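**Student:** I would like the atomic coordinates for the input below:
(chains A, B, C and D)
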There are 4 protein chains.
Amino acid sequence: MGKFGILTSGGDCPGLNAVIRGAVLKGETVYGQEFVGFLDGWRGLIEGDVMPLDRSSVRGLAREGGTILGTSRIGPYSEPRGGAENIKKVLDELGIDGVIAIGGEGTASASKRLFEDGINIVGVPKTIDNDLDATDYTFGFDTAVEIATEAIDRLRTTGNSHKRCMVLEVMGRHAGWIALYSGIAGGAHAILIPEQPESLNQICAWVTSVKNRGRSPMVVVAEGFTLPEMDQAHSTKGVDGFNRPRLGGIAEVLAPLIEERTGIETRSTVLGHIQRGGSPTGFDRVLATRLGMAVTDLVADKHWGHMVALRGTAIVRVDFGEALANHKTVPQDQYQEIRVIFG
Amino acid sequence: MGKFGILTSGGDCPGLNAVIRGAVLKGETVYGQEFVGFLDGWRGLIEGDVMPLDRSSVRGLAREGGTILGTSRIGPYSEPRGGAENIKKVLDELGIDGVIAIGGEGTASASKRLFEDGINIVGVPKTIDNDLDATDYTFGFDTAVEIATEAIDRLRTTGNSHKRCMVLEVMGRHAGWIALYSGIAGGAHAILIPEQPESLNQICAWVTSVKNRGRSPMVVVAEGFTLPEMDQAHSTKGVDGFNRPRLGGIAEVLAPLIEERTGIETRSTVLGHIQRGGSPTGFDRVLATRLGMAVTDLVADKHWGHMVALRGTAIVRVDFGEALANHKTVPQDQYQEIRVIFG
Amino acid sequence: MGKFGILTSGGDCPGLNAVIRGAVLKGETVYGQEFVGFLDGWRGLIEGDVMPLDRSSVRGLAREGGTILGTSRIGPYSEPRGGAENIKKVLDELGIDGVIAIGGEGTASASKRLFEDGINIVGVPKTIDNDLDATDYTFGFDTAVEIATEAIDRLRTTGNSHKRCMVLEVMGRHAGWIALYSGIAGGAHAILIPEQPESLNQICAWVTSVKNRGRSPMVVVAEGFTLPEMDQAHSTKGVDGFNRPRLGGIAEVLAPLIEERTGIETRSTVLGHIQRGGSPTGFDRVLATRLGMAVTDLVADKHWGHMVALRGTAIVRVDFGEALANHKTVPQDQYQEIRVIFG
Amino acid sequence: MGKFGILTSGGDCPGLNAVIRGAVLKGETVYGQEFVGFLDGWRGLIEGDVMPLDRSSVRGLAREGGTILGTSRIGPYSEPRGGAENIKKVLDELGIDGVIAIGGEGTASASKRLFEDGINIVGVPKTIDNDLDATDYTFGFDTAVEIATEAIDRLRTTGNSHKRCMVLEVMGRHAGWIALYSGIAGGAHAILIPEQPESLNQICAWVTSVKNRGRSPMVVVAEGFTLPEMDQAHSTKGVDGFNRPRLGGIAEVLAPLIEERTGIETRSTVLGHIQRGGSPTGFDRVLATRLGMAVTDLVADKHWGHMVALRGTAIVRVDFGEALANHKTVPQDQYQEIRVIFG
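**Tutor:** Numbering: from 1, shown residues only, chains lettered A, B, ... in the order given. Coordinates of the predicted model:
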């Protein structure tokens, strides 16, 4: 019972459509809920720009990447028309009883504020970087790891044939989970993540040691990794021995530095957007569908101010405050173990 | 420190090689352990048939399906040469201090008995059906779900083009996890699992209802599902209205029955062995590598009689007895929800 | 200029939608042609059951398997409403100036007769078995080979781990191209095709020889292959040493025979429908798009009675008679070479 | 009969190993030829650095990317030890009767010179860019197209969700085949290739027009494409309205220019090395295996100075001169047609 609006906010992620589908199918069938979709994230909510969402509009969506609702980086309090008062008015006019916001940390934070300002709102966590402590895994992460792993498998054969060092840059601005997981899966020799500094000397020592064992070094680096030598000034003005400015990713900075220091021919690849688009893996489709189904329970229970999350094999409820309390980065001991074993 | 023998037993599973690699790399690097591999499961242990296992022999193994050690369905107590006394002798002669047995329920059960008979043994759980309660997921399961999901994606287009009902049979003798997960991921309309009886009437009602909504019905059935109408006698002699004996899988039984009852053209596919071979998904490579790494901690701690398992995001230790206590089947409430929503 | 109706007939095939899209995009843009789609193959033509087809209705279709027009095995002369006279009337009533029929040998043969009976009709060849002599390759074939090749890659690891012989059955009723190509690509040890008899003795000799070289035999068999020992009577009543009737595919007949004769554990997999559904390979999308584009040239030129075909890298025109003159089977010398080298 | 040396030269390419395997299996079985492999391309030949190559050393190679022989960009006439006289001496010392050189245009050109200088040499053409006129397709090209097509499929969902223009850069220094084929397969709206100038104005007109039709523009650009506005000086010093130097690929130049001119948010991806590594498609494995098999016929016939090539479905022989006579670029009419239809 009741009518609810769904929105997707922030960067797209494989599984968003599966969440929408799971919510609509369960909400309609089990609870008799009705749904509309707000277009382009918070913009649709602020402006009352909606599309109908029923069983037929979510047909076949589990396997589709992206989000049929569109997304944007606009926040709900953004000027001139945002804010809780305006949003309440929009919801009243449209006869909407509550909001389901699918998004990342920014979305959860905005949702918390809206909830405190009296809006009926629940959430579904979304971060391709898997850096939310409240949930064991976020959907989209598995797909990104799979794509990065396949890339490593491909790059390895080129590395071996040319006796080159290959450097692959994957996503991960503040947390190195994609680099860590794809690096383990792909058998990388060095895994560089934002959480753990490694000096250029150390990286070159690994590369040289691998080469000396007759193999072709494979380095996986998260986009958020920085060389300790590379302070903010350097990162735009050029780093040690490298007087061209930084335009592309960190891989494009590292590769020539490694080549220069070790004398080993080195090539970089920046995987970029292909990690976050396209059809989700089975794992992500199931996780996203389950989260979408479970969020309708929150709505039915008027459990506003909470979001759904995965713990072990169960879907649980977490309040927005708890969800935002901790950023999940790669623990130092887990990183050190991998570092020692594969280096 | 010490020398340890690894064996893989029972049906092959994507990730076995990644376990072996993880154990050898960590064991050597962190603990200075040495390894050999017993060939063809327990046979190699009984007969003392081993191959050396060091860093170079596990190179590149994370992405390789199957097991370089070979496997078989022979048990350690099998006549004439099995039994704890003989195995102790073999281990003494080869200077092996303990055994790492990677295998399913039968392997864990045999390992428990060997441990009680005084053998130093630890385990890594393996079941592609994911039906072990002690661990959240087993490696290989994710790969099987992925392959089954891709098969559903492919079959759907044929179903739609020909307005047919498509029936896909996936693995799952006693537990329907692969059917459940791939069915959710692929958007199946009926999911049939060993744990939950569904009558032919109910199945045909679903199929007809989907067809009446203008769509092509997709049925996913686990190999262990049986129609309640189909008792043991029937299953070999032929079932109601179907006087041809059962040779192939349950899908081949169901398809003509559905077609006959509903008048809707129906085709079956038995996915079979391709679900368990080939390169593991990134998820399975990481899980298997982590389990392999963790089992060397058990060995280093002389924590005999235990196996490693995944709980949430952590690798934990479980004793063989606990591991065997519960078979993990699909809970009735989880199934009922899916049944109501997607039917 | 003019209005044309497109239909897809016979078994579905990856690339049908890409043909439709290619035709509509080029026809509209270059020639100002209008299009409708006949639903479910010839049925839609006979009954005047059409859907509009314009730029927006073919959006995104290059990557979609199946056919949005539906297909069936009904012929244009089928009773009670088929036949050239009725079809002319239907075309007149709908203001349709010509027909584009996408289909296999049966479709080409029916199209030829319709053309001789005065219908403006052109064709696009479609056979997943690649057995049409008039064209170097047909779309869909490459996708089928790719899927079969991946299956062999997966089955090999299971074969090696268990030291089994694996038998894979692929499509190919009268021509063994899919078996030949996937067998070469996957490194099969025996390739069995409808065009070339091989005795059970010969097959078992290959299997044993591979096993004796320490490898696990991989047999790829086309569905249309029959053992010379297995005449029509046998194929339904049971073959030599095998008194269970033939229900499934030839692989299910062969596997137990091989196991019985050689003593090597043998498992079969029938790949079935997953070979013909789902997203086409890049190769098939390009070929299908080019054929769809080229057929609008035929229409613009009123080059009725012809179909488009691939020769080398060029798209050419062939008349229906020529197209039907020769069935393209695997040449004996090409097969013999493979047989000698990989056996 | 006889002993022959195989080398792979230039950039790696999926299918090189399949060529080696095809040659060794056929040469040994049919002709009793013996083989060795020269390591790292011409270096191995100049220095007499060889590895044995027999049936067991090529086991399983059809599906492996890269080249087990290694490769380099060194030429056979390079100082100090190159040249025909030295090579003759090396071949004599090793008892090698002829050379099989697998490589691109540079390799063919060097092979021609060696042949004219009296060396027994034959060739197998290799160019991932597919720009060799003597052969319909080269192996590796299909794999590259497949990978690029999958990338477009993934990028599209992100483009749609964010209403962005996505720019994908693929390989193709002098010929735009990969861009053309993957662009057709992926449904790109603009395809930019080295052979055909398009102004920034034209590109932006396409992008805006697609956006105005409510879709998200997809641009595929070959690495060798240059804007007419962007002369040699500009390409290193910065182009019109874009005063940052060009470090990455052309996509990274184009994206900000498109965004600036059209006001449409635009993102670039440079696919890079993942296009040329990893397991080949079934098509490439078959083509490479057939070329490898066929080159042993040339050797057996002492048909020195020739290479093998694909014409239609046949493998033919072409002399080095003929092979080098024409560079195969995308014909203007084929490009214009695509440009008009998809733009």
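**Student:** which bits of chain A sit near chain B?
**Tutor:** Contact residues (C-beta under 8 Å from any C-beta of the partner chain) of chain A with chain B: A:25-26, A:29-30, A:59-60, A:62-63, A:136-137, A:142, A:145-146, A:148-149, A:153, A:181-182, A:184-187, A:215, A:279, A:281-283, A:285-286, A:289-290, A:293, A:311-313, A:337, A:340-342. Backbone N, C-alpha and C define where each C-beta goes, glycine included.
**Student:** quick check: phi and psi on the nearest residue to A:S199 once chain neighbours are set aside?
**Tutor:** Of all residues not flanking A:S199 in the chain, A:P228 sits nearest, at 5.8 Å (C-beta to C-beta, 6 or more residues apart in numbering or on different chains). When read as degrees, to the nearest 10, the backbone of A:P228 gives phi -60, psi -30.
**Student:** flag every residue of the stretch 1-150 of chain A that's near chain D.
**Tutor:** Where the stretch 1-150 of chain A comes near chain D, counting by C-beta under 8 Å from any C-beta, the residues are A:8, A:11-12, A:14, A:16, A:40, A:64-67, A:70-72, A:147, A:150.
**Student:** so which of the residues you listed sit within helices?
**Tutor:** Judged by DSSP state H, helices contain the following of the residues of the stretch 1-150 of chain A next to chain D: A:L16, A:I147, A:E150.
**Student:** now render those as JSON lines, adding pLDDT and distance to A:H174.
**Tutor:** Shown next, in JSON lines, are these (pLDDT from 0 to 100; distance: C-beta to C-beta, whole Å):
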{"residue": "A:L16", "pLDDT": "98", "distance to A:H174": "21"}
{"residue": "A:I147", "pLDDT": "98", "distance to A:H174": "20"}
{"residue": "A:E150", "pLDDT": "98", "distance to A:H174": "24"}
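**Student:** which one of those residues is nearest B:Q332?
**Tutor:** A:L16 (30.2 Å; C-beta to C-beta).
**Student:** excluding chain neighbours, what is closest to that closest one?
**Tutor:** Leaving aside its sequence neighbours, A:L16 sits nearest to A:T67 (C-beta to C-beta, 6+ apart; 4.0 Å).
**Student:** looks like the one you found contacts A:A18 (just checking).
**Tutor:** No: shown here, A:T67 and A:A18 do not form a contact pair, counting by C-beta atoms under 8 Å, at 10.1 Å.
**Student:** make sure A:S78 is indeed in a strand.
**Tutor:** No: assigned with DSSP: H, G, I helix; E, B strand; the rest coil, A:S78 falls outside any strand and is coil.
**Student:** and it, how far is that from A:E47?
**Tutor:** From A:S78 over to A:E47 the distance is 11 Å, taken as C-beta to C-beta, to the nearest Å.
**Student:** what's the farthest-apart pair in the residues of the stretch 1-150 of chain A next to chain D?
**Tutor:** Every pair of the residues of the stretch 1-150 of chain A next to chain D checked by C-beta to C-beta; the farthest is A:D40 and A:E150, at 31.3 Å.
**Student:** mind listing the strands for the stretch 1-150 of chain A?
**Tutor:** Counting by DSSP state E, counting those that start in this stretch, the stretch 1-150 of chain A has strands at residues A:3-8, A:34-38, A:50-53, A:98-103, A:121-125.
**Student:** what's the closest of those strands to C:K163?
**Tutor:** Among those, the nearest to C:K163 by C-beta to C-beta is strand A:121-125 (46.9 Å).
**Student:** got the CA positions of the closest one in CSV?
**Tutor:** Extracted in CSV, the C-alpha atoms of strand A:121-125 (Å, rounded to 0.1, in the frame of the first residue of the first chain):
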residue,chain,number,x,y,z
ILE,A,121,13.2,8.2,3.1
VAL,A,122,15.1,4.9,3.0
GLY,A,123,18.2,4.0,1.2
VAL,A,124,20.1,1.3,-0.8
PRO,A,125,23.9,1.7,-0.7
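**Student:** which parts of it are buried?
**Tutor:** A:I121, A:V122, A:G123, A:V124, A:P125 (16 or more other C-beta atoms under 10 Å in any protein chain shown).
**Student:** and of those, the nearest to B:P52?
**Tutor:** Looking across the buried residues of strand A:121-125 and measuring by C-beta to C-beta, the closest to B:P52 is A:P125, at 46.9 Å.
**Student:** quick one: that closest one and A:H306 touch, right?
**Tutor:** No: A:P125 is beyond contact range of A:H306, at 11.1 Å (criterion: C-beta under 8 Å).
**Student:** circling back: now distance to D:A255 and mean pLDDT too, for the strands of the stretch 1-150 of chain A, in a markdown table please.
**Tutor:** Listed next are the strands of the stretch 1-150 of chain A as a markdown table, based on distance: least, C-beta to C-beta, whole Å; pLDDT from 0 to 100:
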| stretch | distance to D:A255 | mean pLDDT |
| --- | --- | --- |
| strand A:3-8 | 24 | 98 |
| strand A:34-38 | 29 | 98 |
| strand A:50-53 | 29 | 98 |
| strand A:98-103 | 25 | 98 |
| strand A:121-125 | 30 | 98 |
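**Student:** so what's the residue of the stretch 1-150 of chain A found nearest chain B up against?
**Tutor:** At 3.9 Å from chain B, A:T149 is the closest residue in the stretch 1-150 of chain A, using C-beta to the nearest C-beta. Contacts for A:T149 (C-beta atoms under 8 Å, 6 or more residues apart in numbering or on different chains) come out as A:Y181, A:S182, A:A185, A:G186, B:T281, B:G282, B:R285.
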